[in-house]
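Undergrad: return atomic coordinates for the entry below.
(one chain, ligands or ions: 1)
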Amino acid sequence: MRFSGRVVIITGGAKGIGAGCAAVFAREGGRVALLDRDSSTAQKLAAQLTSDGPGEVRAWACDVSDPVQIEQAISGVVETWGRIDCLINNAGVHPPATRLEDTKLADVQSLLQINFLSGFAAAKLAVPYLRTSRGTIVNISSMTAVLGQDRSSAYASTKAAQVGFTKSLAIELGPAGIRVNAILPSNIDTPLMREWAATLDDPESALERVAQLQVFGRMGQPEEIGTIALFLATEDSSFITGQAIEAEGGASLDY
Ligand SMILES: NC(=O)c1ccc[n+]([C@@H]2O[C@H](COP(=O)([O-])OP(=O)(O)OC[C@H]3O[C@@H](n4cnc5c(N)ncnc54)[C@H](O)[C@@H]3O)[C@@H](O)[C@H]2O)c1
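TA: Sure thing, here's the model as predicted:
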């Protein structure tokens with residue numbers, strides 16, 4: 001019960017890595033707020049995880065590309081539970097592989113809005129409450145932030161922005177006892193991963209190739225990222241801030 005009586009906000013919490021985080025925090029007794037634009041999936045997950053217990057999970061309909069919706073959802077969480085102990089900025093999308101010359105600037109702007117600015121806005125709104133709880137922020141970035149990714153310059157740039165944000169905010173908020181860290185996953189088996197594979201000729205062999213990129217010969221599971229987020233959200237990691245934790249199953253080794 002390492003999160004009992006505490007409140008975590010997870011953007012994009014309905015599916016994939018966000019849902020994995022929700023399951024882990026709920027098992028540890030947390031009050032978990034799912035902020036997702038897919039509100040029916042979020043509601044179903046919230047009901048399921050609450051019935052599994054011991055934590056309580058609720059869903060707020062929220063498209064994080066709209067700062068007004070972020071503000072309304074965070075206000076709703078505070079009205080309901082009265083505090084925020086952790087913010088997990090996880091909502092994100094990965095556009096299809098696109099060459100620089102074919103990338104539209106308007107698409108880069110909207111990607112930046114969803115993958116980066118949403119987390120910046122949510123942090124601004126959550127920080128007054130985190131000052132009281134001496135809480136934490138966890139930004140879900142990506143290994144592409146440090147390794148790059150072919151024909152994904154826009155996506156990798158939004159993920160790198162999250163790392164710079166994490167480190168700068170850790171300096172600014174450290175004196176207030178607020179820790180800020182990022183997790184950089186490699187390949188995690190989520191709907192996003194499977195939707196990407198489905199765009200290819202042979203999805204099954206593509207997924208197998210991706211699995212083999214990790215030294216374990218498999219992708220990560222969403223809850224494996226959730227357990228790292230829990231570690232970063234509790235006193236277990238009390239001397240860790242401003243770090244970009246590479247949760248990559250050894251994928252970047254042996255170059
Ligand atoms: N899956 C991977 O291999 C992988 C690797 C590295 C980083 N990541 C990052 O992890 C995060 C989660 O990825 P995932 O694989 O779980 O994706 P996913 O598509 O499986 O799940 C993403 C969730 O976010 C929600 N979402 C998307 N856009 C939203 C918006 N504008 N407003 C509110 N909710 C929104 C979706 O409805 C969904 O519930 C992303 O930031 C992604 O960049 C994923």
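Undergrad: quick one: buried residues of the helix or strand bottoming out on mean pLDDT in the chain?
TA: Least confident helix or strand of the chain, by mean pLDDT, DSSP states H and E, is helix 191-198 with a mean of 94. Across helix 191-198, burial judged by 16 or more other CB atoms under 10 Å covers 192-193, 196-197. In short, each C-beta sits where N, CA and C put it, glycine included.
Undergrad: same question for stretch 91-105.
TA: Applying a neighbour-count criterion of 16+ other CB under 10 Å, one finds 91-92, 94, 98, 103 buried in stretch 91-105.
Undergrad: distance between the ends of that stretch?
TA: By CA to CA, to the nearest Å, the extent of stretch 91-105 from end to end equals 21 Å.
Undergrad: show the average pLDDT along it.
TA: The pLDDT scores in stretch 91-105 average 97.
Undergrad: hmm, it in reach of the ligand?
TA: Yes: on the criterion CB under 6 Å from any ligand atom, stretch 91-105 is in touch with the ligand at 91-94.
Undergrad: so which residues of the stretch 101-250 of the chain form helices?
TA: In the stretch 101-250 of the chain, the helices defined using DSSP state H, counting those that start in this stretch lie at 105-112, 118-133, 144-147, 153-173, 191-198, 203-211, 222-233.
Undergrad: reformat those as JSON lines; add distance to residue 253.
TA: Converted to JSON lines, the helices of the stretch 101-250 of the chain look like this (distance: least, CB to CB, whole Å):
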{"stretch": "helix 105-112", "distance to residue 253": "29"}
{"stretch": "helix 118-133", "distance to residue 253": "28"}
{"stretch": "helix 144-147", "distance to residue 253": "12"}
{"stretch": "helix 153-173", "distance to residue 253": "20"}
{"stretch": "helix 191-198", "distance to residue 253": "21"}
{"stretch": "helix 203-211", "distance to residue 253": "16"}
{"stretch": "helix 222-233", "distance to residue 253": "17"}
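Undergrad: ranking these by burial, who's on top?
TA: Greatest average neighbour count among those goes to helix 222-233 (a mean of 22), per mean count of other CB atoms under 10 Å.
Undergrad: could you give the angle of that helix to helix 191-198?
TA: 140 degrees (axes from the mean of the first three to the mean of the last three CA atoms, to 10 degrees).
Undergrad: show me where the stretch 1-150 of the chain has strands.
TA: Remark: strands assigned in the stretch 1-150 of the chain by DSSP state E, counting those that start in this stretch are 7-11, 31-36, 56-61, 86-89, 136-140.
Undergrad: run through who's touching the second one.
TA: Residues outside strand 31-36 that contact it (CB atoms under 8 Å, 6 or more residues apart in numbering): 5-15, 18, 22, 25-26, 42, 45-46, 49, 55-62, 64, 70, 73-74, 77, 80-81, 91.
Undergrad: quick check: the gap between the residue positioned nearest the centre of the chain and the ligand.
TA: Centroid-nearest residue in the chain: residue 90, 2.0 Å away (criterion: CA atoms, centre = their mean). Separation of residue 90 from the ligand (CB to the nearest ligand atom, to the nearest Å): 5 Å.
Undergrad: for the stretch 51-200 of the chain, what lies in contact range of the ligand?
TA: Residues of the stretch 51-200 of the chain lying near the ligand by CB under 6 Å from any ligand atom: 62-65, 90-94, 114, 140, 142, 185, 187-188, 190-193.
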